[in-house]
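**Q** Output the structure for:
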Amino acid sequence: MDNILVIIALVLYLALMMFIGIYYYRKTNSMDDYIIGNRKLGPWVAAMSAEASDMSGWMMMGVPGAAYLAGLSSAWIAVGLGLGTWANWQFVAARLRKYTELANNSLTLPDFFQNRYQDNSNLLRIIPAIFIVIFFIIYTGSGFVSGGKLFSTLFGLEYSTAVLLGAFVVVFYTLTGGFMAVCWTDFIQGIMMFFAIVLVPATAVYMLGGPGTTATAIEIVNPTFFNPFLNPDGSTISFVAFISLMGWGLGYFGQPHILVRFMAISSTSELKRSRNIAVTWYIIAMIAAVFVGMVGKVFLTTGLEGPAVETVLLVMTQQLFNPFMGGIILSAVLAAIMSTASSQLLVAASAFSQDFYRSVIRKNADHNELLWVSRISVFLISAAAITIAMNPNSFILEMVSYAWAGFGASFGPAVLMSLFWRRTTRNGILAGITVGGLTVLIWKQFALWGLYEIIPGFALSLLAIYIVSKLDKEPAKEITDLFNAVEHSDI
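**A** You can find the predicted model right below:
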């Protein structure tokens with residue numbers, strides 16, 4: 001009976017998500033509609049969609065798992081990401097929105113790079129598209145791992161079956177509805193995620209006797225948990241570990257699934273309101289995510305070990321709430337997983353169809369053909385991500401950190417330099433994207449000094465762009481004229 005009530009809550013949620021996909025299927029008639037919703041996002045949907053597509057299963061499962069093990073020392077990730085969230089909305093959003101419309105109505109990040117530098121070689125479309133597909137397969141795989149852990153924990157399903165079940169719904173509404181379906185489901189999912197991540201630790205604290213009693217219990221279990229500068233064993237967090245955790249914030253400038261929300265907002269005049277909504281949502285949600293893990297350490301009588309630490313929110317929910325209410329909260333966890341996976345699939349599929357298929361295979365493909373190529377590529381990319389997700393011992397946060405670093409180092413410096421440095425050249429951007437992406441791929445294999453790969457990747461990418469651009473001839477007048485037009489645009 002308990003499982004039936006949980007299933008009813010989940011089915012109602014999933015049915016709503018699939019209905020939204022079908023609804024927007026009928027309204028999706030072009031690539032503009034499918035990829036960026038014809039630039040019609042309002043401030044609330046843009047903000048909530050950006051945050052929901054960002055804060056996936058790693059916020060609901062990965063961060064609580066890290067806090068369960070390390071306490072407040074794990075929260076430096078949240079601090080770095082918070083600064084990155086604010087900076088991205090404050091400095092990048094408006095300028096990217098203006099530039100992508102004036103640069104021949106660019107629909108994707110590679111599309112923007114090509115139009116920004118008037119590149120006829122297609123290299124600025126093809127090379128970024130390759131990195132987008134590679135890193136999004138890993139990133140989407142982390143979402144499917146989250147789904148697998150969710151369904152296997154709830155219903156005792158065999159892990160591979162649970163992965164396939166979670167992947168099915170994500171693929172369904174991404175295939176059918178495109179960008180607007182993804183954004184509106186993200187909006188609903190963002191509200192659900194916020195509700196769940198705040199309610200679970202608050203309820204657990206109440207059940208334990210209040211904040212004072214809970215804090216005392218945590219300190220008894222491990223006195224280091226409330227000291228952000230100490231590891232669980234009492235040693236001081238190293239400088240390398242500190243900058244590695246803070247370095248997560250650098251990744252925001254290069255995340256295609258977040259940047260596309262900036263490109264799609266209806267007007268730059270809406271961005272201040274969107275920024276305030278997004279940053280407020282983030283601060284409250286991430287504080288709550290850290291406290292889920294810390295409170296879970298004393299609330300759960302049976303300890304969690306290995307990859308199971310990332311199920312702390314799921315286990316707490318099952319013990320705290322009645323089955324139907326628990327099902328609603330667990331639907332929010334599924335929402336977190338689905339919101340990011342669907343956004344990633346859509347951006348990866350868009351990169352394949354717009355930036356690879358049309359550039360290399362079928363230059364004269366019409367919009368209807370590209371629309372169907374996008375939908376087919378959603379299926380193929382999903383299949384690759386599912387293959388990666390089939391390892392039940394995968395850590396969600398570890399997979400996310402790899403993909404996050406890949407995007408941050410490949411595209412972050414390229415986006416910033418393209419938007420803010422007039423002297424940047426096409427060859428400089430090519431060098432930066434290539435150096436950043438390869439540095440992450442190589443550094444990850446050797447894990448030098450324990451330094452998070454986004455730090456050297458981002459730094460070397462910036463350096464490559466600067467050096468190659470300075471050695472290159474100055475950009476053509478048409479390119480600098482467009483740069484000047486963006487500075488004075490009021491779109």
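**Q** Can you list the buried residues in stretch 218-238?
**A** Taking 16 or more other CB atoms under 10 Å as the neighbour-count basis, stretch 218-238 is seen to contain the buried residues 218, 222, 224-225, 228, 230-231, 237. Bear in mind the C-beta positions are built from the backbone N, C-alpha and C, glycine included.
**Q** Could I get these in CSV, plus columns for pLDDT, secondary structure and distance to Asn368?
**A** Below are the buried residues of stretch 218-238 laid out as CSV (pLDDT from 0 to 100; DSSP: H, G, I helix; E, B strand; the rest coil; distance: CB to CB, whole Å):
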residue, pLDDT, secondary structure, distance to Asn368
Ile218, 95, helix, 58
Asn222, 90, coil, 59
Thr224, 92, helix, 60
Phe225, 93, helix, 57
Pro228, 94, coil, 54
Leu230, 93, strand, 59
Asn231, 91, coil, 56
Ile237, 93, coil, 55
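**Q** Going by distance to Asn88, which of those wins?
**A** Ranking those by separation from Asn88, with CB to CB as the measure, puts Pro228 on top at 23.8 Å.
**Q** That closest one contacts Trp76, correct?
**A** Yes. The pair formed by Pro228 and Trp76 meets the contact definition of CB atoms under 8 Å, at 6.8 Å.
**Q** For those two, list the residues in contact with both.
**A** Ile237 (CB atoms under 8 Å, 6 or more residues apart in numbering).
**Q** lowest-confidence helix or strand of this structure?
**A** When each helix and strand of the chain is scored by mean pLDDT, DSSP states H and E, helix 31-36 comes last, with a mean of 51.
**Q** And the next helix or strand past it?
**A** Along the chain past helix 31-36, the next helix or strand (assigned with DSSP states H and E) turns out to be helix 43-54.
**Q** contacting residues for the residue lying closest to Leu370 once chain neighbours are set aside?
**A** Leaving aside its sequence neighbours, Leu370 sits nearest to Ser353 (CB to CB, 6 or more residues apart in numbering; 4.9 Å). The neighbours of Ser353, taking CB under 8 Å, 6+ apart as the test, are 31, 370-371, 373-374, 377.
**Q** can we see that at 6 Å?
**A** 370, 373-374 (CB atoms under 6 Å, 6 or more residues apart in numbering).
**Q** Then Phe253?
**A** Phe253 neighbours (CB under 6 Å, 6+ apart): 412, 415-416.
**Q** Pull the number of nearby residues for the nearest residue to Met48 once chain neighbours are set aside.
**A** Spatial nearest neighbour of Met48, chain neighbours left out: Gly190 (3.8 Å); criterion: CB to CB, 6+ apart. Neighbour count for Gly190, taken as other CB atoms under 10 Å: 29.
**Q** A helix includes Gly190, no?
**A** Yes. Gly190: assigned to a helix according to DSSP: H, G, I helix; E, B strand; the rest coil.
**Q** mind checking pLDDT for it?
**A** Here, the pLDDT recorded for Gly190 equals 78.
**Q** Roughly how far does it sit from Val468?
**A** Taking CB to CB, to the nearest Å as the measure, Gly190 and Val468 are separated by 40 Å.
**Q** same check, this time on Ser343
**A** Relative to Val468, and taking CB to CB, Ser343 is found at 32 Å.
**Q** More neighbours: these two, which one.
**A** Counting neighbours by other CB under 10 Å for Ser343 and for Val468 shows that Ser343 has the greater number, 33 against 19.
**Q** which of the contacts of Phe253 has the most neighbours?
**A** Once you tally neighbours by other CB under 10 Å, Gly412 ends up highest among the contacts of Phe253, having 28 neighbours.
**Q** Tell me the buried residues in the helix or strand that one falls within?
**A** Gly412 belongs to helix 396-420 when assigned by DSSP H and E. The neighbour-count criterion (16+ other CB under 10 Å) identifies 396-397, 399-419 as the buried residues of helix 396-420.
**Q** got the angle for that helix vs helix 43-54?
**A** Note on geometry: by axes from the mean of the first three to the mean of the last three CA atoms, to 10 degrees, helix 396-420 and helix 43-54 are set 130 degrees apart in direction.
**Q** so what does helix 396-420 touch, helix or strand wise?
**A** Counting contacts by 3 or more CB pairs under 6 Å, 6 or more residues apart in numbering; DSSP states H and E, helix 396-420 is packed against helix 123-155, helix 426-446, helix 454-471.
**Q** switch to 8 Å and redo it
**A** Where contact means 3 or more CB pairs under 8 Å, 6 or more residues apart in numbering; DSSP states H and E, helix 396-420 is packed against helix 63-70, helix 93-102, helix 109-117, helix 123-155, helix 256-264, helix 426-446, helix 454-471.
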